[in-house]
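1. Got a sequence here, can you model it:
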Amino acid sequence: MLIEAHSRRAIVEAIRFAESEKLKLIITGGTNAWKVAATLKSRDIPVIVGPVMRAPVKRWDPSDAPYANAGRLHEAGVRFCIRSNDASNSRNAPFEAAMAVAFGLPEAAALHSVTLGAARVLGIDKQVGSLDVGKHANLVILDGSPLQVTSQVKGVFVAGRPFRPESRQTRFYRRYRRRLKPGKK
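-> Model prediction:
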């Protein structure tokens, strides 16, 4: 069962409820999960962290708490992944992970949190999350780190087949670049 809980109190109440009903729990949101990391670790309760780029839950919480949360969970050994705030912003998940890196999460752990770590939290790591024989082969090739906003998509493979990474935005970008170079078409 996935329960959206951000404050320490809401997370503790979600844990109590899940235990009383004998449910397998995943906390989503989890902005203050770092405050109960030992409990989450001891009960093997994973957290889908996000959004990272948000305000603290309580006025008295440290201003960097949402940004440092994933790093603190990683240090405590809590299973987690990073999400964006909603499906329409799923493209921002790597940037959410990048912000967590800026506040202490190791880069390798951030990449893991949006790939195999996410698949493990959701229990689908036998099908997706890494490049292994027998798994669905969706792959994005970039010219830099997936956590850098400046990285450009150079290739995409969906279900093992090449897919042209073109969109309205990439067409506008090419048109804009041509305008900067007079005489080129």
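
2. Could you list everything the spatially most central residue of the chain pairs with in the sheet?
-> In the chain, the centroid-proximal residue (C-alpha atoms, centre = their mean) is residue 82; its distance is 2.5 Å. Per DSSP bridges, the residues bridged to residue 82 are residue 49.

3. so who does it touch?
-> Going by C-beta atoms under 8 Å, 6 or more residues apart in numbering, residue 82 touches 48-50, 52, 70, 93, 96-97, 100, 110, 113-114, 118. All C-beta spots, glycine's among them, are computed from the backbone N, C-alpha and C.

4. Which of these sits closest to residue 17?
-> residue 48 (17.3 Å; C-beta to C-beta).

5. What is the neighbour count of the closest residue to the closest one other than its chain neighbours?
-> For residue 48, ignoring the flanking residues on the chain, the nearest one in space by C-beta to C-beta, 6 or more residues apart in numbering is residue 28 at 4.4 Å. For residue 28, the neighbour count with other C-beta atoms under 10 Å is 18.

6. what helix or strand is residue 28 on?
-> Here residue 28, judged by DSSP states H and E, is contained in strand 26-29.

7. Next SSE downstream of that strand?
-> Following strand 26-29 in sequence order, the next helix or strand is helix 37-42 (DSSP H and E).

8. and that following helix, what does it pack onto?
-> Applying 3 or more C-beta pairs under 8 Å, 6 or more residues apart in numbering; DSSP states H and E, one finds that helix 37-42 contacts helix 8-21, helix 65-76.

9. For it, list every residue counted as buried.
-> 37, 39-40 (16 or more other C-beta atoms under 10 Å).

10. hmm, back to that, which one of the helices and strands packed on helix 37-42 is the most hemmed in?
-> Among those, helix 65-76 has the highest mean neighbour count (mean count of other C-beta atoms under 10 Å), at a mean of 22.

11. can you list the residues that contact that helix?
-> 30-34, 37-38, 40-41, 47, 49, 51-57, 62, 80, 82, 97, 99-100, 102-106, 109-110, 113.

12. average pLDDT across that helix?
-> For helix 65-76, mean pLDDT rounds to 96.

13. how about the nearest residue to residue 45, chain neighbours excluded?
-> With C-beta to C-beta, 6+ apart as the criterion, residue 45 has its nearest non-adjacent residue at 5.2 Å, and that residue is residue 25.
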